[in-house]
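Q: Dropping the sequence and predicted coords here.
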Amino acid sequence: MRVFETDILIIGSGAAGILAAIEASRSCCVTLVTKGPCGRDGATITAQADIAVDGRSCKKILGLPEGDSYDSPNRFASDIFREGEELGNKKLIEIQTESIASAVAALRDDGLHLRGLFKNPGHTYPRSVWISAPELCFILRNKLKATQTKVMEYTVVCDLLTSDGAVTGALAFDRLSGTPLAVRARETILCTGGAMRIYPYATAPLGLTGDGIAMAYRAGAELLDMEFPMFLPYALLSPKMLEGATFTHDLAMLTNAYALNRAGERFISAWDPERMERTTRDINSAACGVEIAEGRGTPLGGIWLSLAHLPANIIEVMGNWFPEGLSRWRYGPFDLKNVLPDLSRDALETIPASHFWNGGVAIGIDGSASIPGLYAAGEGTAGLHGANRISGNGIGQAIVWGIRAGQSAASRVAKKSNARNAHPKVDLEQLDFIISNLFAPLERKTGVSPVDLARDIRSAAWKGIGLVRDEVSMRDFEKELSALRETAANQAARTKERVWNEDLLISLQNINMLDVASCVVASALRRSESRGAHYRKDCPYTEDFWDRSIKVKRGNNGFPLLALPDERKNTAGTGARRPYGQKKRMSS
Amino acid sequence: MKISVRRFPGDYTQDYEIEDAEGESVLNLLERIREKDPSLAFYRSCGIGKCGACRMNINGRERLACAVPATGSLLLEHASGGKVVRDLVTIEQREEGTGGIG
Ligand SMILES: Cc1cc2nc3c(=O)[nH]c(=O)nc-3n(C[C@H](O)[C@H](O)[C@H](O)COP(=O)(O)OP(=O)(O)OC[C@H]3O[C@@H](n4cnc5c(N)ncnc54)[C@H](O)[C@@H]3O)c2cc1C
């Protein structure tokens, strides 16, 4: 086993991880470990992509003439709070809206093209600054290369190391050599993104299985808002080649497309007769979810999206005016004319696919987690979005909080510099335990295939904690989870190769998916209402009592332990209610 | 459909037979092959043409395996330029900076 020592360990190479490394490496030794190729393995490179900045700053700081001077960071903040169904943390929101413009300006100075400004749903003003995500990642990678950061690619972190309740680094596994390595660090920053892949249908890359969230949970850190995984309605379901593609969502939002159930009905009229398919993502997802759950979906279990009521020549030229990402009916390297059916005749099968993680590691205003030695940034953290994220705040969050966590961790290292020679102790027993768990699937001759188990976890999660929830199916899911956990303890890799062993990687991810799923179901059971991305068929209303976030920690018995602010004044079920989807105070 | 994969270490070609493969992406086919042969190594990340991580040589041309529909017979080889880790997995020169204590 190799052992490294570093001041600051950063896990993940999306926008959050790379920016944290760039900041921290100004004064510290930094090691960045990432699951795949640096800057290309997370959600960041797949974004479509917009970054939300208030209109006034768009005009003044970014020089975008379309920016509206009546807008302000404050107005932006109140939109985030309202659209997050009043669960967002006002301090984090304020930092986001005050800091994003100058961070984007710095990226522009590094060569990032700002391609225009648009208004997206949930924002009162045009705030979506369009950029190219691959260009952003390219710039970030080059900036990172110019620093002294040690980058370790294709290296998967298995668990955090702790000593007396403080994080002291992490144990990782190098996929290329098949060897474990321990990193001892004064401060560790988790930038591992979301857990979208606990579901069978997702728009996000395969590696996003909530590893960081699960590791933080196992190390004793507090999580928040775990019941709010967000789904993107009308992602493509078929053909399989393009499963998870998101241009169909944009078609649904920007054209007069119809969402239809198996009877050809526009079911959305029962949910939002005014905006119809142009309603918000959460309402669309819940509405589609009910159709699917009640057996009125497509043959593959999705929802039809149809343009067939429109003349063929209107559809033909859509490819010309449609925003980047679908120009001339090409989508990246795909020629859609060859892959999709004739849209003037046939509908497409789509599905609300797992898209973003609103919850995650609870952080303070400096990006610190609730246990010493640990920071977190980007999508794997909670508190900014509350129950629902508005567009442009995913990348925006990664940028602002990556920078912030990098700076905070570096100043913490500087403060503790008199103890510079005393690197944190490593608990050898713990190290042995993690390594033997890691390699156990290689040792076992018989057992369940990790690939089969992953499939089972995902399909159970889809049913139990998917688009539509209720007490009975969540209780069933809890039982299923304990059975799946027992199975997980008996995983056997079908090949014993150490170098690039996919089964081994999946076996490790399965454990993380199970931990994340158990936090989601515990929180979702507790929240006896519907709000934002959390829709419960058995309580289809939003209740004032629940204007508060649920915290989750790992209890001593190994099960999630929940906490609410003002727990003693629990009056759930007795206070004011409004129908799901209705805002408490109407937006301006 | 016959799919031939150039495999490493050892540098040999192995043939697989897959049914109902026409029109599937090469990357999805590889996924199906791996169900049967878990030792087969390739890399998948976004799967929809954005990250570029599934680049490989398909019938003599460098392509993204996620975006190529399978048709006819296929010869899959690792992408050129990098170092072969196993089978279809290659890495560019590892991006390791000079810093760090260890
Ligand atoms: C299809 C799509 C479109 C989107 N479009 C937009 C948009 O237009 N605007 C917007 O604001 N947001 C958008 N988002 C959301 C936004 O892209 C993300 O929220 C943001 O990029 C997250 O950045 P991050 O750095 O926190 O995480 P990521 O970019 O996801 O990076 C996570 C990193 O952690 C690594 N990692 C994970 N586990 C481990 C482990 N165990 N060991 C080592 N490394 C690990 C990953 O490999 C990766 O490098 C979109 C998301 C998707 C999926």
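A: Sure thing, it's come through. Numbers count the residues shown, from 1 in each chain, chains lettered A, B, ... in the order given.
Q: Please list the residues of the stretch 251-400 of chain A that sit near chain B.
A: A:Tyr331, A:Gly332, A:Pro333, A:Phe334, A:Asn338, A:Val339 (C-beta under 8 Å from any C-beta of the partner chain). C-beta: built from backbone N, CA, C; applies to glycine.
Q: out of the residues you listed, which are inside strands?
A: Of the positions in these, A:Tyr331, A:Phe334 sit in strands, assigned by DSSP state E.
Q: Just give the closest residue to A:Asp71, not the sequence neighbours.
A: A:Gly55 (3.1 Å; C-beta to C-beta, 6 or more residues apart in numbering or on different chains).
Q: tell me the contacts of that neighbour?
A: Contacts for A:Gly55 (C-beta atoms under 8 Å, 6 or more residues apart in numbering or on different chains) come out as A:Gly67, A:Asp68, A:Ser69, A:Tyr70, A:Asp71, A:Ser72, A:Leu117, A:Tyr125, A:Pro126, A:Arg127.
Q: Among those, the buried ones, what's the ChimeraX command?
A: ChimeraX command restricting the contacts of A:Gly55 to the buried ones, with burial defined by 16 or more other C-beta atoms under 10 Å in any protein chain shown:
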select /A:67,68,71,72,117,125,126,127
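Q: which two in the contacts of A:Gly55 are spaced the farthest apart?
A: Farthest apart among the contacts of A:Gly55 by C-beta to C-beta are A:Ser72 and A:Leu117. That separation is 15.5 Å.
Q: thinking again about what came up before, take the residues of the stretch 251-400 of chain A next to chain B and lay them out in JSON lines including neighbour count, distance to the ligand and pLDDT.
A: Rendered in JSON lines, the data for these read as follows (neighbours: other C-beta atoms under 10 Å in any protein chain shown; distance: C-beta to the nearest ligand atom, whole Å; pLDDT from 0 to 100):
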{"residue": "A:Tyr331", "neighbour count": "23", "distance to the ligand": "12", "pLDDT": "88"}
{"residue": "A:Gly332", "neighbour count": "18", "distance to the ligand": "12", "pLDDT": "87"}
{"residue": "A:Pro333", "neighbour count": "14", "distance to the ligand": "16", "pLDDT": "90"}
{"residue": "A:Phe334", "neighbour count": "24", "distance to the ligand": "15", "pLDDT": "91"}
{"residue": "A:Asn338", "neighbour count": "9", "distance to the ligand": "22", "pLDDT": "86"}
{"residue": "A:Val339", "neighbour count": "18", "distance to the ligand": "18", "pLDDT": "89"}
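Q: for the residues of the stretch 251-400 of chain A next to chain B, which one is nearest A:Glu5?
A: Nearest member of these to A:Glu5, counting by C-beta to C-beta, is A:Gly332, at 41.4 Å.
Q: got the contact list for that closest one?
A: Neighbouring residues of A:Gly332 by C-beta under 8 Å, 6+ apart: A:Gly325, B:Ile48, B:Gly49, B:Lys50, B:Ala67.
Q: What distance do you get for the closest residue to the last one other than its chain neighbours to B:Ala65?
A: I take that to be B:Ala67. In this structure, B:Ala67 finds its nearest non-sequential neighbour in A:Pro333, 3.8 Å apart by C-beta to C-beta, 6+ apart. Note on A:Pro333: its distance to B:Ala65, by C-beta to C-beta, to the nearest Å, is 11 Å.
Q: For whichever residue of the stretch 101-250 of chain A sits closest to the ligand, give its distance to A:Ser408.
A: Using C-beta to the nearest ligand atom, the closest approach of the stretch 101-250 of chain A to the ligand is made by A:Gly193 at 2.7 Å. In this view, A:Gly193 and A:Ser408 are 20 Å apart by C-beta to C-beta.
Q: out of the two, which sits in the busier spot?
A: Set A:Gly193 next to A:Ser408 and count neighbours by other C-beta atoms under 10 Å in any protein chain shown: A:Gly193 wins out with 34 against 24.
Q: quick check, that one in a helix?
A: No - under DSSP: H, G, I helix; E, B strand; the rest coil, A:Gly193 sits outside any helix and is assigned coil.
Q: Per-residue pLDDT of it, please?
A: A:Gly193 carries a pLDDT value of 98.
Q: who are the neighbours in contact with it?
A: By C-beta under 8 Å, 6+ apart, A:Gly193 lies in contact with A:Gly12, A:Gly14, A:Ala16, A:Gly42, A:Ala43, A:Ala204, A:Leu208, A:Gly212, A:Trp357, A:Gly378, A:Glu379, A:Gly380.
Q: ok, of these, which one's closest to A:Met474?
A: Checking the contacts of A:Gly193 against A:Met474 with C-beta to C-beta, the nearest one is A:Trp357 at 18.8 Å.
Q: my read is A:Asn556 is in a strand, agree?
A: No - with three-state DSSP as the criterion, A:Asn556 is assigned coil and is not in a strand.
Q: Against the ligand, which of the contacts of A:Gly332 make the cut? List them.
A: Taking C-beta under 6 Å from any ligand atom as the test, the ligand is in contact with none of those.
Q: Most neighbours of all those residues, which one?
A: B:Ile48 (26 neighbours).
Q: Could I get the contacting residues of it?
A: A:Thr46, A:Leu242, A:Glu243, A:Gly244, A:Ala245, A:Gly332, A:Phe334, B:Cys66.
Q: Tell me where the chain is predicted with low confidence.
A: Let's take chain A. By pLDDT under 70, the low-scoring segments of chain A are A:323-326, A:418-422, A:567-568, A:585-588.
Q: Sorry, I should have been clearer: chain B.
A: Scanning chain B for pLDDT under 70 picks out B:93-102.
Q: hey, where'd the helices end up in it?
A: Secondary structure of chain B (DSSP state H): helices at B:26-36.
Q: quick revisit: reformat the contacts of A:Gly193 as CSV; add neighbour count.
A: Converted to CSV, these look like this (neighbours: other C-beta atoms under 10 Å in any protein chain shown):
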residue, neighbour count
A:Gly12, 35
A:Gly14, 32
A:Ala16, 35
A:Gly42, 34
A:Ala43, 27
A:Ala204, 26
A:Leu208, 29
A:Gly212, 29
A:Trp357, 32
A:Gly378, 35
A:Glu379, 35
A:Gly380, 32
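Q: Which ones among the residues you listed also lie next to the ligand?
A: Residues of those in contact with the ligand (C-beta under 6 Å from any ligand atom): A:Gly12, A:Gly14, A:Ala16, A:Gly42, A:Ala43, A:Ala204, A:Leu208, A:Gly212, A:Gly378, A:Glu379.
Q: The fifth one touches A:Gly194, doesn't it?
A: Yes - proximity of A:Ala43 to A:Gly194 meets the contact threshold set by C-beta atoms under 8 Å, at 6.9 Å.
Q: what do those two both touch?
A: Residues touching both A:Ala43 and A:Gly194 by C-beta under 8 Å, 6+ apart: A:Ala204, A:Leu208, A:Glu379.
Q: Need the contacts of A:Gly332 in a markdown table (columns: distance to B:Phe42).
A: Below are these laid out as a markdown table (distance: C-beta to C-beta, whole Å):
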| residue | distance to B:Phe42 |
| --- | --- |
| A:Gly325 | 26 |
| B:Ile48 | 16 |
| B:Gly49 | 16 |
| B:Lys50 | 17 |
| B:Ala67 | 15 |
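Q: name the element the closest residue to A:Ile61 other than its chain neighbours belongs to?
A: In space, and not counting its chain neighbours, A:Ile61 is closest to A:Ala101: 4.4 Å by C-beta to C-beta, 6+ apart. A:Ala101 belongs to helix A:90-109 when assigned by DSSP states H and E.
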